[in-house]
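>>> Build me a model from this:
(chains A and B)
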Amino acid sequence: MLSDAQQTELMAELLGLKRFCLSLTGDAADADDLLQLTVERVLERGMPADAHVAKWSYRVCRNIWLDELRSREVRQRYVATAVVSEGVAAESADDGFGRVELERVDAAMQTLPEEQRSALLLVAVEGRSYAEVSEILDIPLGTVMSRVARARRSLAEKLE
Amino acid sequence: MADIHKLDINGLRTDELLSRYIDGDLKAGALADFEEKLANDPTLRLRLERFQKHDQLLKAASRANATSVSPLVVARLEQAQKAKRPSWPRAAAGLSLAASIAVVVTVGLFGLNTDLGGNAGFQMDSKLAAALTTQGSRAEGWEAIDDTRDFRAVLTFPAANGNWCREFMVASGEEHWRGVACRNQDSWVTQVMAREVFLDQSAGYRTASAGDIDQVSRFIDAEATDVALSRSQETAVIRDGWH
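Residues are numbered from 1 along each chain as shown, chains lettered A, B, ... in the order given. Below is the predicted model of the structure:
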């Protein structure tokens, strides 16, 4: 069972986890399924009292993705132009980017291998350190650096 | 303008350094060296700006892609936050074939409330107190405490003032009551009682005040300072006379 503090922290991580699910699945519906499974697994099994809630939850999410969803042969959707999103605003006043730009980067991300996509999302969007990403994705630190760099390099090529 | 994509064979290595620089992973000497390189290489500075802009685009797009979480997930977490229960199944699962709604008839806060409408089912008396003192919590089943009433302790939790409190149920004929009583020196004091009204498909819907629903659970949420005792912990507290 999670403690009150852990449950509160988990609630605060839900949007970040959803973005991570999207990076893994490439599909909004699959991402929702994965998030739901993740929350159920964390609630069912709990976590150590001293566990870092975010890292633990991201790891559970990824493990579920690897173990269960891949076994259902969910294909990665490498769509060059289609964008899977809940709707990008026509004008993003807060960020200063237009819909076309946001859709382009979305489409470019969908063409990246999942391992690069998830590493870049965790670092560039969720603000995780390389060490945290190494724990979450269970890969060496050097591999994190390489995947993030390759993802940025590929994005740069596709967005020119 | 220089073609920033025609980098040398160490292009990926340079991109990795750029990436680490953006992410704050370069330290001390490596950081100083790279900053000097940036200062002297406009192509490198341009590539840095591109990477940083793409990061901002990615953040904006990601936020737009995930503006909300499924209400089912949020509800599941909220349900888990409310249900600070022992590991054995909730007592309510054994009670109703349909849903039940609790109707609060009185609410007291750490003081004996005697204005309970004269219903013997929920008045604190010596037999109810004895049951609270000696019976362990259970998920199902009842223990008769006299000819008209059956009792079930549901869970035990610590309150903010250091006293033990117990959620319990009393059944008297067709009347079912759920409440919380807390130790006050050597006695049990009722804190909140609610009569459960069942939505029975055969008997039809019975109305209840929406604002009173789940007052017992809300009381527990507000007053409990920790999760409910486990079975072994509770056994030890009962054995020690609730001290």
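>>> So the spatially most central residue of chain A: helix, strand or coil?
Centroid-nearest residue in chain A, with Cα atoms, centre = their mean: A:Phe20, separated by 1.6 Å. Under DSSP: H, G, I helix; E, B strand; the rest coil, the three-state class of A:Phe20 is helix.
>>> ok, now B:Arg152?
strand.
>>> Please name the nearest non-neighbouring residue to it.
Excluding the flanking residues, the one nearest B:Arg152 by Cβ to Cβ, 6 or more residues apart in numbering or on different chains is B:Met169, at 4.6 Å. For glycine as for every other residue, the C-beta is placed from the backbone atoms N, C-alpha and C.
>>> Surely that neighbour forms part of a helix?
No: under three-state DSSP, B:Met169 sits outside any helix and is assigned strand.
>>> Next one: A:Ser57 from chain B, what distance?
11 Å (Cβ to the nearest Cβ, to the nearest Å).
>>> So that residue sits against A:Ala12, correct?
No: the criterion here is Cβ atoms under 8 Å, and A:Ser57 misses it with A:Ala12 at 10.6 Å.
>>> Same drill for these two, tell me which one is more crowded.
Applying other Cβ atoms under 10 Å in any protein chain shown to A:Ser57 and A:Ala12 shows that A:Ser57 carries more neighbours, namely 26 against 11.
>>> Mind listing what's buried along the lengthiest helix in chain B?
With DSSP state H setting the assignment, residue counts place helix B:42-65 as the longest helix in chain B. Residues of helix B:42-65 classed as buried: B:44, B:47-48, B:50-51, B:54-55, B:57-65 (neighbour count, 16 or more other Cβ atoms under 10 Å in any protein chain shown).
>>> coming back round to it: show the contacting residues for the residue nearest to the centre of chain A.
A:Tyr58, A:Cys61, A:Arg62, A:Ser118, A:Leu121, A:Leu122, A:Glu126 (Cβ atoms under 8 Å, 6 or more residues apart in numbering or on different chains).
>>> what do you get if the cut-off is 10 Å, keeping everything else the same?
Contacts for A:Phe20 (Cβ atoms under 10 Å, 6 or more residues apart in numbering or on different chains) come out as A:13, A:31, A:34-35, A:38, A:57-58, A:61-62, A:65, A:117-118, A:121-122, A:125-126, A:128, A:136, B:62, B:66.
>>> circling back: quick one: average pLDDT of the longest helix of chain B?
In this model, helix B:42-65 has a mean pLDDT of 94.
>>> element containing the closest residue to A:Cys21 other than its chain neighbours, please.
Nearest residue to A:Cys21, sequence neighbours excluded (Cβ to Cβ, 6+ apart): A:Ala31, at 3.9 Å. Element membership for A:Ala31 (DSSP states H and E) is helix A:28-45.
>>> can you pull the buried residues of that helix?
A:28, A:30-39, A:41-43.
>>> I'd like the distance from the longest helix of chain B to the chain centre, please.
39 Å (Cα atoms, centre = their mean, to the nearest Å).
>>> Ok, stretch B:224-234 next?
15 Å.
>>> hey, where'd the strands end up in chain B?
B:100-107, B:143-144, B:150-158, B:164-172, B:175-184, B:187-198 (DSSP state E).
>>> mind showing which ranges of chain A have poor pLDDT?
A:69-95 (pLDDT under 70).
>>> Quick check: can you list the domain ranges of it?
With domains defined by automatic domain parsing, chain A comprises A:1-76, A:89-160.
>>> cool, chain B as well?
Following the assignment in automatic domain parsing, chain B carries domains at B:11-65, B:86-239.
>>> So is the first one next to chain A?
In this case it means domain B:11-65. Yes: Domain B:11-65 reaches chain A (Cβ under 10 Å from any Cβ of the partner chain) through B:11-20, B:22-25, B:47, B:50-65.
>>> List only buried entries from the contacts of A:Phe20.
The neighbour-count test (16+ other Cβ under 10 Å) applied to these identifies A:13, A:31, A:34-35, A:38, A:57-58, A:61-62, A:65, A:117-118, A:121-122, A:125-126, A:128, A:136, B:62, B:66 as buried.
>>> For the residue nearest in space to the middle of chain B, give its distance to B:Asn40.
In chain B, the residue lying closest to the centroid (Cα atoms, centre = their mean) is B:Gln81, at 1.1 Å. Using Cβ to Cβ, to the nearest Å, B:Gln81 is found at 56 Å from B:Asn40.
>>> before we move on, what about A:Leu10?
Taking Cβ to Cβ, one finds A:Leu10 at 47 Å from B:Asn40.
>>> Look at those two and report which has more neighbours.
Just comparing A:Leu10 and B:Asn40: by other Cβ under 10 Å the higher neighbour count belongs to A:Leu10, 23 against 9.
>>> Would you agree that one is in contact with A:Ala54?
Yes: judged on Cβ atoms under 10 Å, A:Leu10 makes contact with A:Ala54 at a distance of 8.5 Å.
>>> Wait, A:Leu24 touches A:Arg117, no?
Yes: look at A:Leu24 against A:Arg117 with Cβ under 10 Å: they come within range, at 7.8 Å.
>>> overlap in contacts of A:Leu10 and A:Ala54?
With Cβ under 10 Å, 6+ apart, A:Leu10 and A:Ala54 have common neighbours A:Leu17.
>>> quick one: A:Ile136 from chain B, how far?
15 Å.
>>> A:Gln36 too?
Counting by Cβ to the nearest Cβ - A:Gln36 and chain B are separated by 5 Å.
>>> Can you give me every residue that contacts that residue?
Counting by Cβ under 10 Å, 6+ apart, A:Gln36 has contacts A:Cys21, B:Val69, B:Ser70, B:Leu72, B:Val73, B:Arg76.
>>> what sits against the third one?
If a contact means Cβ under 10 Å, 6+ apart, then B:Ser70 has A:Leu14, A:Lys18, A:Ala31, A:Asp32, A:Asp33, A:Leu35, A:Gln36, A:Val39, B:Arg76 as its contacts.
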